[in-house]
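1. Output the structure for:
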Amino acid sequence: MSGQLVLTQRYPNAPMDRRVGAFAIDVAVTALPSLLLGGGGLYILLFLALWFVSRVLVVTANQGQSLGRWAMDLKVVNPRFRIIPGIVPLMKREAITGIGCVLILIGLVNLSPTNGFLLIAPIPLLVDCSFAFTDSKYRQAFHDRLATTLITQTRRGYSLDLKFKKFIAQARHRMK
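-> Reported below is the predicted structural model:
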């Protein structure tokens, strides 16, 4: 029973599209400065440092929300103790996703017609996140299970997903 997550309180499941959107925002916020400022292989170290700051330090200081999670009204919690996870569980969690993102970033930087690394680079991240797609009860990815964390919805705040849907609807209406 040690591998099973037992919840006494039901947390609202975070929709996968909002989780993916929050993750994409966080990757963009950390990848762009690291690519612009880091020459040679320095961009990898800069990305990992920015990833640690934005996904561990900011999350512990900001009630379980990174910039992407704040924009999509999500937060990470420790469901067993009903608190925001500490630095060690967040470091476990974000080490897995950070390494997966670095592999994808390396594949994008070295993009050429003869380099097939971009085809295999996303595999570790896809395997990690596939757990969330198959877990219908808690929607926990492998990194969530390892760190015993859970991504849950928060009360509506900035709601970037709703603003984006509204913008698309207005654009469609104007094109008719």
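2. so where is this protein shaky, pLDDT-wise?
-> Along the chain, segments meeting pLDDT under 70 span 1-9.
3. Report the central residue of it.
-> Centroid-nearest residue in the chain: Phe23, 3.3 Å away (criterion: CA atoms, centre = their mean).
4. tell me the contacts of the residue nearest to that one when sequence neighbours are not counted?
-> Leaving aside its chain neighbours, Phe23 sits nearest to Gly68 (6.2 Å; criterion: CB to CB, 6 or more residues apart in numbering). Glycine gets a C-beta too; all of them are placed from N, C-alpha and C. Gly68 is in contact with 21-26, 29, counting by CB atoms under 8 Å, 6 or more residues apart in numbering.
5. give me phi/psi at Gly68?
-> Gly68 adopts backbone torsions of phi -70, psi -40, taken as degrees, to the nearest 10.
6. Check the gap between it and Arg10 for me.
-> Per CB to CB, to the nearest Å, Gly68 is found 24 Å from Arg10.
7. and what of Asn62?
-> Taken as CB to CB, the span from Asn62 to Arg10 is 24 Å.
8. quick one: which of the two has more around it?
-> Asn62 (14 against 9; other CB atoms under 10 Å).
9. Contacts only, for the more buried one.
-> Contacts of Asn62 (CB under 8 Å, 6+ apart): Trp70.
10. That one and Asp26: what is the separation?
-> Taking CB to CB, one finds Asn62 at 13 Å from Asp26.
11. give me phi/psi at Gln153?
-> Backbone torsions of Gln153, given as degrees, to the nearest 10, read phi -80, psi 150.
12. Could you do Ala141 as well?
-> Dihedral angles for Ala141 - degrees, to the nearest 10 - are phi -80, psi 180.
13. And for it, the neighbour number?
-> Other residues near Ala141 come to 23 when the count uses other CB under 10 Å.
14. Equivalent analysis for Leu126, please.
-> 12.
15. Would you mind pulling the contact partners of the stretch of helix or strand it belongs to?
-> For Leu126, the element it lies in under DSSP states H and E is helix 123-134. If you take CB under 8 Å, 6+ apart as the criterion, helix 123-134 is touched by 16, 19, 96-97, 99-101, 103-104, 139-145.
16. so what's Gly100 closest to, chain neighbours aside?
-> Per CB to CB, 6+ apart, closest to Gly100 is Leu125, 3.2 Å.
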